[in-house]
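>>> sequence unknown, structure follows:
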């Protein structure tokens with residue numbers, strides 16, 4: 001868990017809190033993601049992109065109708081823990097969500113995306129390469145009023161395969 005790829009995976013969790021489309025949809029979509037959540041799933045870690053099970057807990061606060069903040073902790077093997085946080089803002093004029101993720105050894109990641117129905121399509125931009133590049137894609141899908149799924153995909157290696165580096169299901173507590 002001390003390697004950069006695991007931090008990328010944790011960043012993906014945080015990104016789940018963002019990205020909306022139109023003025024009426026944004027506050028309603030943000031409502032779906034505000035609250036306390038537990039999560040389980042897998043992340044890829046290390047230069048060989050080994051898969052590891054993780055469990056996480058998050059508190060997501062809606063701040064006004066256009067901002068969210070997330071704070072939480074993810075654990076692997078019951079002994080390794082990582083604190084993570086994110087701040088996201090929706091711009092009603094452009095319909096875009098932008099923000100930052102803090103918790104990675106490579107530095108603060110920039111987040112940018114849009115709402116697609118109740119789901120989100122987000123880009124992650126890292127300040128230094130992970131798995132051979134500085135970008136990844138995240139899909140956040142609302143499963144129902146009490147749960148959602150986050151899947152981050154990235155190319156493993158400069159010309160390697162596209163794989164899910166994070167796959168988490170979050171359940172409202």
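Looks like it came in fine. Everything quoted here is computed from the prediction, not taken from an experiment.
>>> Kindly provide the distance from residue 115 to residue 72.
22 Å (CB to CB, to the nearest Å). C-beta here means a position set from N, CA and C on the backbone, and glycine is covered the same way.
>>> whoops, I mixed them up, residue 62
15 Å.
>>> Just want to know which of those two has more residues nearby.
residue 72 (23 against 16; other CB atoms under 10 Å).
>>> Can you check the pLDDT for that one?
Looking at residue 72, its pLDDT reads 90.
>>> Any idea what the closest residue to it other than its chain neighbours is bridged to?
Distance criterion CB to CB, 6 or more residues apart in numbering; nearest residue to residue 72, sequence neighbours excluded, is residue 58 at 3.5 Å. Beta bridges link residue 58 to residue 37, residue 72, judged by DSSP bridges.
>>> what residues are up against residue 58?
Residues in contact with residue 58 (CB atoms under 8 Å, 6 or more residues apart in numbering) are 13, 36, 37, 38, 39, 70, 71, 72, 170.
>>> Apply 7 Å and report the result again.
Shown in contact with residue 58 (CB atoms under 7 Å, 6 or more residues apart in numbering): 37, 39, 70, 72.
>>> how much space between the last one and residue 162?
The reference is to residue 72. To residue 162, residue 72 is 27 Å away according to CB to CB.
>>> Could you do the second one as well?
Residue 39 sits 23 Å away from residue 162 when distances are taken as CB to CB.
>>> These two: which is more packed in?
residue 39 (21 against 10).
>>> my guess is the more buried one is in a strand, correct?
Yes - per DSSP: H, G, I helix; E, B strand; the rest coil, residue 39 lies within a strand segment.
>>> Give me the pLDDT value at it.
The predicted local confidence for residue 39 is 95.
>>> Residue 2 too?
45.
>>> go on, residue 136?
At residue 136, pLDDT is 89.
>>> Surely it and residue 152 touch.
Yes - between residue 136 and residue 152 there is a contact under CB atoms under 7 Å: 5.4 Å.
>>> Overlap of the contact sets of those two?
The contact lists of residue 136 and residue 152 share residue 165, where a contact means CB under 7 Å, 6+ apart.
>>> Would you mind checking the average pLDDT for stretch 89-101?
Rounded mean pLDDT across stretch 89-101 is 83.
>>> can you map out the helices along this protein?
Secondary structure of the chain by DSSP state H: the helices cover 4-15, 25-33.
>>> Please consider this matter closed, and thank you.
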